[in-house]
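Participant: Need a 3D model of the following:
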Amino acid sequence: MNRPTGPTSPPGSPSPTSPPSPARPARPTLADVAAVAGVSAKSVSNVLLERPGVSAATRERVLAAVAQVGYAVNPAGRGLVSGRTGRIAVVVPMLYQPYFAEIAERLILALEAEGLTTTLRIAPDAAAERDAVVGVTTPDVDGVIICPHEFISSMIDGVALTRPVVQLGGGPIDRLDCVVMGEYEGAYAAARHLLKTGRRRIALLWNSPDGEEPGGDRYDGYRQAISEAGIEIDPALFASGSDWDRRVSGYEAMVGLLRSGVRFDAALCVNDAIAVGALRALRSHGRTVPGDVAVTGFDATDEGEFTTPALTSVSPRKPEMVARAVSMLVERLGGYDGPGRHVRTGADLIVRASSVG
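Facilitator: Predicted coordinates for the structure are as follows:
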């Protein structure tokens, strides 16, 4: 392959040289800011690190000088001096579940709006969740927001937490700030809706091992609505798959229910992923939705809007949950040192074609 050619110098002549690059302007320093503001460099540092004891007048002069000279704070240097990194760990059990992927994205954007960067950690089991909370896998962050899957209080008994931890979802833990999802309210609303449409044999697609009765707030909401309607709880209507966060598990659970021969006219699914799998199983076995079986999900993921038919689902008010979690974390970073706070959000039923004819 020929190389492009151009003019060459005669033999023995000096090689041409490029003109010298213009000198770059010196980057403004802390001393430059101090000189313009008429204060010491230490005072400038105190203002930029938001240390207490700085007068309003000094702070105003320093910030005006920063803008005038174009001084930019070095995040790495600031972290070394203040002991802060400005980084938060967002911990989720997986990203293939649409709910956790959406929550992670919402948290990252909300934290960014607070001037914080994020480290996303996948914690697929209880040990990984604990390691993220106590700092084994998150040693370089100022705080943690965890969306738990298996995390429980006993996992941090006797452990001194060295930075703020906020839990979003799951059962509340006394030591932590927690945002408690409206699971009971959502499941109760979904079951009541199915009952009002005339359904009486409402299956529960869950994640409990075969033969084990479900538990938790979503089950309690389902059970309360069924009991109020004067209907006896029938364990034969409980079905589960191998993993409650995968669509294939919903497919497995629904196929098992159909093959069992038990009669049912509705299915309340623990989340949208399970419901999507259940819809496919019903369709592949010749059952119409909602004609033969009405179906509801939980989490109100975008995917549910595009199933056939569109999926009725419970919205756990994800924007509110994220806003509350971030707010509590920021307050902790700002110095709040009180006991763990528990905030409960509500839930809204979004009715679509999968449950009404």
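
Participant: for this protein, what are the low-confidence residue spans?
Facilitator: 1-26, 30, 49-52, 73-83, 208-211 (pLDDT under 70).

Participant: switch the cut-off to 50
Facilitator: For the chain, the stretches with pLDDT under 50 are 1-18, 21, 24, 76-82.

Participant: Run through the helices of it in chain order.
Facilitator: 30-37, 41-48, 56-69, 75-82, 98-113, 126-134, 183-196, 217-228, 247-260, 272-284, 318-333 (DSSP state H).

Participant: Residue ranges of each domain in this structure, please.
Facilitator: Listed by the TED database, the domain ranges of the chain are 30-73, 87-181+318-345, 183-315.

Participant: Now do the residue nearest to Leu95 when sequence neighbours are not counted against Arg130, distance only.
Facilitator: Using Cβ to Cβ, 6 or more residues apart in numbering and skipping the chain neighbours, the partner closest in space to Leu95 is Ala101 (4.7 Å). (C-beta placed from N, C-alpha, C; glycine too.) As for Ala101, its distance to Arg130 is 22 Å (criterion: Cβ to Cβ, to the nearest Å).

Participant: ditto for Ala236
Facilitator: For Ala236 relative to Arg130 (Cβ to Cβ), the value is 37 Å.

Participant: Have a look at those two and say which one is more surrounded.
Facilitator: Shown here are Ala236 and Arg130; by other Cβ atoms under 10 Å, Arg130 has more neighbours (19 against 13).

Participant: Could you give the number of residues near Pro172?
Facilitator: Neighbour count of Pro172, defined by other Cβ under 10 Å: 18.

Participant: let me redo that: His342
Facilitator: With other Cβ under 10 Å as criterion, His342 counts 14.

Participant: Verify the contact between it and Gly171 for me.
Facilitator: No. The criterion here is Cβ atoms under 8 Å, and His342 misses it with Gly171 at 10.4 Å.

Participant: who touches both of those two?
Facilitator: Val180 (Cβ atoms under 8 Å, 6 or more residues apart in numbering).

Participant: List the residues that contact the residue lying closest to Val141 once chain neighbours are set aside.
Facilitator: Spatial nearest neighbour of Val141, excluding adjacent residues (Cβ to Cβ, 6+ apart): Ala89 at 4.4 Å. By Cβ under 8 Å, 6+ apart, the contact set of Ala89 is Thr118, Thr119, Leu120, Arg121, Ala132, Thr138, Val141, Gly143, Val144, Ile145.

Participant: now with 7 Å?
Facilitator: Thr119, Arg121, Ala132, Thr138, Val141, Val144 (Cβ atoms under 7 Å, 6 or more residues apart in numbering).

Participant: try Gly277
Facilitator: By Cβ under 7 Å, 6+ apart, the contact list for Gly277 reads Arg247, Val248, Ser249, Gly250, Tyr251, Met254.

Participant: Those into CSV, with extra columns for neighbour count and distance to Glu60?
Facilitator: CSV is the format used below for the contacts of Gly277 (neighbours: other Cβ atoms under 10 Å; distance: Cβ to Cβ, whole Å):
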residue, neighbour count, distance to Glu60
Arg247, 22, 57
Val248, 16, 61
Ser249, 22, 59
Gly250, 32, 59
Tyr251, 20, 63
Met254, 29, 65
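
Participant: picking up where we left off before, nearest approach to Ser355 belongs to which of the domains of the chain?
Facilitator: domain 183-315 (4.0 Å; Cβ to Cβ).

Participant: who's the residue nearest to Val141 bridged to?
Facilitator: Thr119, Val144 (DSSP bridges).
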